[in-house]
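Asker: Need a 3D model of the following:
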Amino acid sequence: MLPELTSFSKFEYYGFGYDFSTKDYKVIVGGGTGLFATKVAVLTLKTGSWRIVEGLDFVSLRKDRCLLDGSLHWLGYERDNGDEPTIVSFDLEKEEFEAVVPLPRPPLVILSSGLMR
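Answerer: Numbering: from 1, shown residues only. Below you'll find the model as predicted:
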């Protein structure tokens, strides 16, 4: 069982990965704390304690994620840029968010039924 993290009302996204530099597993959780604020916490299983991580107050993350090359990656949306889709990564060794890769918006298609996809 994980230690309780009381400063979050709900978790909107999470991740789990292995940090090869410290030979330790890490759990990452995050959620909104207001209209445009996001809080992220990291738990290292060796220490059993949570730490708050800064640097993600401009992006809303989706729940889906993948672990690739020592970093967790999420699809997110830049709040300051009209909710543009981006890829956000969290480096497990450095415990910091890294490059935000902008993605092109998919074209808007209006079907003959009048529905959009």
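
Asker: how much space is there between residue 27 and residue 44?
Answerer: Counting by CB to CB, to the nearest Å, the gap from residue 27 to residue 44 is 8 Å. In short, each C-beta sits where N, CA and C put it, glycine included.

Asker: what does residue 83 give?
Answerer: Here residue 83 is placed at a distance of 33 Å from residue 44 (CB to CB).

Asker: For those two, indicate the residue with more neighbours.
Answerer: Using other CB atoms under 10 Å, the more surrounded residue of residue 83 and residue 44 is residue 44, with 17 against 13.

Asker: contacting residues around the more buried one?
Answerer: By CB atoms under 8 Å, 6 or more residues apart in numbering, the residues touching residue 44 are 19, 22, 24-26, 51.

Asker: Among those residues, find me the one that's closest to residue 94.
Answerer: For the contacts of residue 44, the residue nearest residue 94 by CB to CB is residue 19; the value is 9.6 Å.

Asker: picking that back up, looking at the contacts of residue 44, which has the smallest pLDDT value?
Answerer: Lowest in pLDDT among those is residue 51, which has 90.

Asker: isn't that residue right up against residue 39?
Answerer: No - counting by CB atoms under 8 Å, residue 39 is not a contact partner of residue 51; they are 11.5 Å apart.

Asker: Between the two, which is the more surrounded one?
Answerer: More neighbours surround residue 39 than the other of residue 51 and residue 39, with 20 against 11 (other CB under 10 Å).

Asker: That one pairs with what?
Answerer: residue 31 (DSSP bridges).

Asker: State the distance from it to residue 50.
Answerer: In terms of CB to CB, residue 39 sits 11 Å off from residue 50.
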